[in-house]
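Trainee: Predicted model and sequence follow; I will ask about them next.
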Amino acid sequence: MAALVVRLSCLGKRWVLACIDGGSRHGRGAAIGLTSRRKRGQSSVAQQPLIAVQKSRKGEREWAAVVGLEIHAQISSNSKLFSGSQVHFAAPPNSLVSFFDASLPGTLPVLNRRCVEAAVMTGLALNCRINKKSLFDRKHYFYADLPAGYQITQQRLPIAVNGCLAYSVSVGKKPSQVSTRTVRIKQIQLEQDSGKSLHDEPRSQTLIDLNRAGVGLLEVVLEPDMSCGEEAASAVRELQLILQALGTSQANMAEGQLRVDANISVHHPGEPLGVRTEVKNLNSARFLAKAIDFEIKRQIHELENGRKILNETRSFDDKLGCTMPMRDKEGKQDYRFMPEPNLPPLLLYDTASLPPGADPQQVINIDWIRERLPELPGKTREKLIQQYGMLPEHSFTLLNEVGLLEFFQNVIKETRAEPKKVTSWVLNIFLGFLKQQNLAVNESPVTPSALAELLNLLDRKAISSSAARQVFEELWRSKGKTPSQIVSEKKLELMQDQEALERVCHTVMEGHPQVVMDMKRGNPRAINKLIGLVRKATLSRADPTVIKEILERKLSS
Ligand SMILES: Nc1ncnc2c1ncn2[C@@H]1O[C@H](COP(=O)(O)OP(=O)(O)OP(=O)(O)O)[C@@H](O)[C@H]1O
Ligand SMILES: [Mg+2]
Ligand SMILES: [Mg+2]
């Protein structure tokens, strides 16, 4: 069999499987022209159409990948969606379980107002239409951590529909090359979380913890508008920031507060969408991207080899870096949806439709929530760009790293240094040190006040920039010392004695007549060499601009 090389790239949104032998062994389904346009509303790669597909070279076939996500976010609320049990992440197993959560007969659901408000806030922040009437349904499936045998969700008429989410991806080698994309949001529905199954392999038993059973979830269903893992990871990161800004979910993926199911298919451009597989329960952005890209390659490989894609659920093995079919769900599941008889339709109001004399405790006014929405990440970035003249990619980095924006703002508050200088120190040096040692912002040994003081010393030319770097390294190593202490201990103050500096310059020039000659001949590198020599002689305690002035003056006299 001829060798195949898979060249895959998300950036142009064309997944090309190149057949090295150049033969025409893939007669089946040869790429057709792009004349068959998608009908309005038909799911497909919607807002960023495939770039014009060049005529396939002989033996090379075009593939387009299609990705749609279902994102489950645990709502930040004191109590569960339909019961009064508390919501806590690390409570002892089965300590937060009411009779309703355990599905004891005769118990009834009582809707949690806070969860409804969270869904409305999230819907508004994601540009959705909020349905003034939404319905609850039962979705049946059998699993040990679902005592009722069904999950209450919103299938027929969800609380929010037709929104969109803008996110950015880097498109070039340089981090500054970012492109903003949009994914449509099909719907947001309120639903219950299930319990947790804890598999005790040595004893071959499964233990059930119902603390999570009944916690409120927001399921955000995205239209299949994306085409690779990187796009999906960026969109999820943006959604995570929005949920955190709203306070509707802590959205910590590692703690399972944000879980993603990725639907993936491939097809030839111009042809109908392919059969999708669904990779379940991805709980890290990196694994999400990896799982999607693996699945795209796998599907192309399967189809190229004449096999079919099954509409199946798969799981991602992060150690092996591959997806595999899940044992528990084979074939299409029949959820036997039916209306939840114990919950009336959920009615919401706006100011215009609010019944006169309605008790504000009993009704939810969408306009009232809209007016109180907090600042969203897009707006925060815009402000950073306007207020501090920051590059867009820098505003992304500041928001993407947990706690970095707050750190930056605290430094800004306490320093006289220019915002551009602060940005550069925070993003290049501070963040660089954190990354190198795999630390989070709140684990940093350098506080915002210490960095602010260091930048003040630099600003009033008490130290040189290379000395500032040394002070920073020392601050990192020896927690508790102030920058000024380090500067005086290590004698890093900039030389203020002009005469002494003139003497050093003179000695250096005398010791390097050839370099002086080169400089006189107009070699621009020569002056830098001399500056470097003077700095070395002064142990980096002289200001390079002052050295340059002295050297130039001496040479022209
Ligand atoms: N051909 C396709 N390729 C990739 N993704 C697709 C395709 N068709 C639909 N999708 C995506 O699949 C997801 C379907 O989610 P939805 O919640 O509507 O149904 P479901 O997966 O059948 O239900 P469940 O909630 O039980 O998982 C959406 O995110 C949608 O964008
Ligand atoms: Mg779904
Ligand atoms: Mg699904």
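Mentor: Ah, there it is. Ligands and ions are numbered 1, 2, ... in the order given.
Trainee: Tell me if residue 298 really is in a helix.
Mentor: Yes. The assignment for residue 298 is a helix, going by DSSP: H, G, I helix; E, B strand; the rest coil.
Trainee: can you list the residues of the stretch 151-300 of the chain near ligand 1?
Mentor: 221-224, 261, 263-265, 273, 276, 278 (CB under 6 Å from any ligand atom). Where you see a C-beta, it was placed from the backbone N, CA and C, and this is true even at glycine.
Trainee: Greatest separation within the residues you listed: which pair is it?
Mentor: 261 and 273 (17.3 Å; CB to CB).
Trainee: and for stretch 427-444, what are the contacting residues?
Mentor: 394, 397-398, 401-404, 406-407, 446, 451, 469, 472, 476 (CB atoms under 8 Å, 6 or more residues apart in numbering).
Trainee: how far does that stretch stretch from start to finish?
Mentor: Stretch 427-444 has an end-to-end distance of 14 Å (criterion: CA to CA, to the nearest Å).
Trainee: Point out where the stretch 51-200 of the chain drops to low pLDDT.
Mentor: 51-60, 172-177 (pLDDT under 70).
Trainee: would you list every one of the helices in it?
Mentor: Using DSSP state H, counting those that start in this stretch, the helices of the stretch 51-200 of the chain run over residues 113-125.
Trainee: In it, what residue lies closest to ligand 3?
Mentor: In the stretch 51-200 of the chain, the residue that lies nearest ligand 3 is residue 70 (4.7 Å; CB to the ion).
Trainee: Quick check: that residue touching residue 222?
Mentor: Yes. With contact defined as CB atoms under 8 Å, residue 70 and residue 222 form a contacting pair (7.4 Å).
Trainee: quick one: which of the two has more around it?
Mentor: Neighbour tally, residue 70 and residue 222, criterion other CB atoms under 10 Å: the higher count belongs to residue 222, 27 against 17.
Trainee: Helices of the stretch 251-400 of the chain, residue ranges please.
Mentor: Using DSSP H, counting those that start in this stretch, the helices of the stretch 251-400 of the chain run over residues 285-304, 366-371, 377-388, 392-400.
Trainee: Report the mean per-residue pLDDT for the second one.
Mentor: For helix 366-371, the mean per-residue pLDDT is 97.
Trainee: quick one on the thing from earlier: I'd like the helices of the stretch 251-400 of the chain as TSV, with mean neighbour count appended.
Mentor: Shown next, in TSV, are those (neighbours: other CB atoms under 10 Å):
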stretch	mean neighbour count
helix 285-304	21
helix 366-371	16
helix 377-388	16
helix 392-400	19
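Trainee: a markdown table for those, including distance to residue 254?
Mentor: Formatted as a markdown table, the helices of the stretch 251-400 of the chain follow (distance: least, CB to CB, whole Å):
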| stretch | distance to residue 254 |
| --- | --- |
| helix 285-304 | 10 |
| helix 366-371 | 30 |
| helix 377-388 | 20 |
| helix 392-400 | 15 |
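Trainee: For residue 135, find the nearest of these.
Mentor: Proximity to residue 135 (CB to CB) singles out helix 366-371 among these, at 17.3 Å.
Trainee: Would you mind writing the CA trace of the closest one as CSV?
Mentor: Output of helix 366-371 as CSV, limited to C-alpha atoms (Å, rounded to 0.1, in the frame of the first residue of the first chain):
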residue,chain,number,x,y,z
ILE,A,366,-34.7,40.5,32.1
ASP,A,367,-34.1,44.3,31.6
TRP,A,368,-33.2,44.7,35.3
ILE,A,369,-30.6,42.0,34.9
ARG,A,370,-29.3,43.5,31.6
GLU,A,371,-28.8,46.9,33.3
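Trainee: picking that back up, out of the helices of the stretch 251-400 of the chain, which comes closest to residue 358?
Mentor: Of those, nearest to residue 358 by CB to CB is helix 366-371, at 11.8 Å.
Trainee: Not counting its own residues, what contacts the closest one?
Mentor: With contacts defined as CB under 8 Å, 6+ apart, helix 366-371 is touched by 117, 120-121, 124, 130, 132, 348-351.
Trainee: Could you dump these into JSON lines and include distance to ligand 3?
Mentor: Output for these, formatted as JSON lines (distance: CB to the ion, whole Å):
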{"residue": "117", "distance to ligand 3": "26"}
{"residue": "120", "distance to ligand 3": "23"}
{"residue": "121", "distance to ligand 3": "24"}
{"residue": "124", "distance to ligand 3": "24"}
{"residue": "130", "distance to ligand 3": "23"}
{"residue": "132", "distance to ligand 3": "27"}
{"residue": "348", "distance to ligand 3": "26"}
{"residue": "349", "distance to ligand 3": "32"}
{"residue": "350", "distance to ligand 3": "31"}
{"residue": "351", "distance to ligand 3": "36"}
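Trainee: Take the residues you listed and write them to TSV, including neighbour count and distance to residue 200.
Mentor: Shown next, in TSV, are these (neighbours: other CB atoms under 10 Å; distance: CB to CB, whole Å):
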residue	neighbour count	distance to residue 200
117	19	39
120	24	41
121	24	40
124	19	44
130	21	44
132	15	47
348	20	44
349	16	49
350	15	51
351	11	55
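Trainee: Who are the contact partners of the nearest residue to residue 479 once chain neighbours are set aside?
Mentor: Excluding the flanking residues, the one nearest residue 479 by CB to CB, 6 or more residues apart in numbering is residue 445, at 4.7 Å. Residues counted as contacts of residue 445 (CB under 8 Å, 6+ apart) are 475-477, 479.
Trainee: So how do I select the buried members of those residues in PyMOL?
Mentor: Selection command for PyMOL covering only the buried members of the contacts of residue 445, criterion 16 or more other CB atoms under 10 Å:
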select buried, resi 475+476
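Trainee: Now secondary structure and distance to ligand 1 too, for the contacts of residue 445, in JSON lines please.
Mentor: Shown next, in JSON lines, are those (DSSP: H, G, I helix; E, B strand; the rest coil; distance: CB to the nearest ligand atom, whole Å):
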{"residue": "475", "secondary structure": "helix", "distance to ligand 1": "47"}
{"residue": "476", "secondary structure": "helix", "distance to ligand 1": "44"}
{"residue": "477", "secondary structure": "helix", "distance to ligand 1": "49"}
{"residue": "479", "secondary structure": "coil", "distance to ligand 1": "47"}
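Trainee: Stretch 102-110: which residues count as buried?
Mentor: Buried-residue list, stretch 102-110, by 16+ other CB under 10 Å: 102, 107, 109.
Trainee: go on, stretch 501-509?
Mentor: Neighbour-count burial for stretch 501-509 flags 501, 504-505, 508-509 (criterion: 16+ other CB under 10 Å).
Trainee: Please apply the same query to stretch 251-266.
Mentor: 251, 253, 257-266.
Trainee: For it, list the C-alpha coordinates in PDB.
Mentor: Extracted in PDB, the C-alpha atoms of stretch 251-266 (Å, rounded to 0.1, in the frame of the first residue of the first chain):
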ATOM      1  CA  ALA A 251     -15.700  27.600  35.300                       C
ATOM      2  CA  ASN A 252     -12.500  25.900  36.600                       C
ATOM      3  CA  MET A 253     -11.900  23.100  34.100                       C
ATOM      4  CA  ALA A 254      -9.500  21.200  36.300                       C
ATOM      5  CA  GLU A 255     -12.100  21.000  39.000                       C
ATOM      6  CA  GLY A 256     -14.800  19.900  36.600                       C
ATOM      7  CA  GLN A 257     -16.800  23.100  36.800                       C
ATOM      8  CA  LEU A 258     -16.500  23.400  33.000                       C
ATOM      9  CA  ARG A 259     -16.700  20.300  30.900                       C
ATOM     10  CA  VAL A 260     -16.800  20.100  27.100                       C
ATOM     11  CA  ASP A 261     -18.200  17.600  24.700                       C
ATOM     12  CA  ALA A 262     -16.600  18.100  21.200                       C
ATOM     13  CA  ASN A 263     -18.600  17.000  18.100                       C
ATOM     14  CA  ILE A 264     -16.400  16.500  15.100                       C
ATOM     15  CA  SER A 265     -16.900  15.600  11.500                       C
ATOM     16  CA  VAL A 266     -15.100  15.900   8.200                       C
END
